[in-house]
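> just the structure for this:
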Amino acid sequence: MANPMTNDLMTNDQKMYIIKVKGVAKIPDYVQLRDDKFTLLAYFRVDRPDKSLDKVGLHDKTEYIMNIIKDLPFGQILKLEL
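Predicted coordinates for the structure are as follows:
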């Protein structure tokens with residue numbers, strides 16, 4: 001069974017969902033990346049995406065993904081096809 005946090009999980013034409021979660025008080029804002037079965041692929045602070053995106057093989061797409069996240073309203077689910 002493939003570990004969902006390894007590089008071999010990400011393939012061409014990967015369908016994912018991005019959810020930006022608003023933090024409260026001392027809890028920071030977070031982002032969730034989920035696959036087409038809604039399994040959690042990555043969970044990271046909005047201001048610290050690098051390690052999490054590296055782990056799932058999306059380091060080369062970091063700038064693209066972060067530009068989408070920047071404009072995404074909190075609580076909205078966005079389908080992303082890479």
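> what sits against the residue nearest in space to the middle of the chain?
Nearest residue to the geometric centre of the chain (C-alpha atoms, centre = their mean): L33, 3.0 Å. For L33, the contact set (C-beta atoms under 8 Å, 6 or more residues apart in numbering) comprises M16, Y17, I18, L40, L41, A42, Y43, S52, V56, L58, I65. In this view, the C-beta of every residue, glycine as well, is placed from N, C-alpha and C.
> nearest to K79, of those?
Y17 (5.7 Å; C-beta to C-beta).
> what's the neighbour count on the closest one?
Counted with other C-beta atoms under 10 Å, the neighbours of Y17 add up to 15.
> can you check the one 4 residues further on too?
Summarising burial for V21: neighbours were counted as other C-beta under 10 Å, giving 15.
> now do I19
I19, neighbours per other C-beta under 10 Å, totals 19.
> where exactly do the strands run in the chain?
15-21, 30-35, 40-45, 77-81 (DSSP state E).
> quick one, what contacts the residue lying farthest from the centre of the chain?
Distance from the C-alpha centroid of the chain peaks at A25, with 22.6 Å (C-alpha atoms, centre = their mean). Contact analysis of A25 by C-beta under 8 Å, 6+ apart lists nothing.
> run through the neighbouring helices and strands of the helix ranked longest in the chain.
Secondary structure of the chain per DSSP state H: the longest helix is helix 62-71. Where contact means 3 or more C-beta pairs under 8 Å, 6 or more residues apart in numbering; DSSP states H and E, helix 62-71 is packed against strand 15-21, helix 50-55, strand 77-81.
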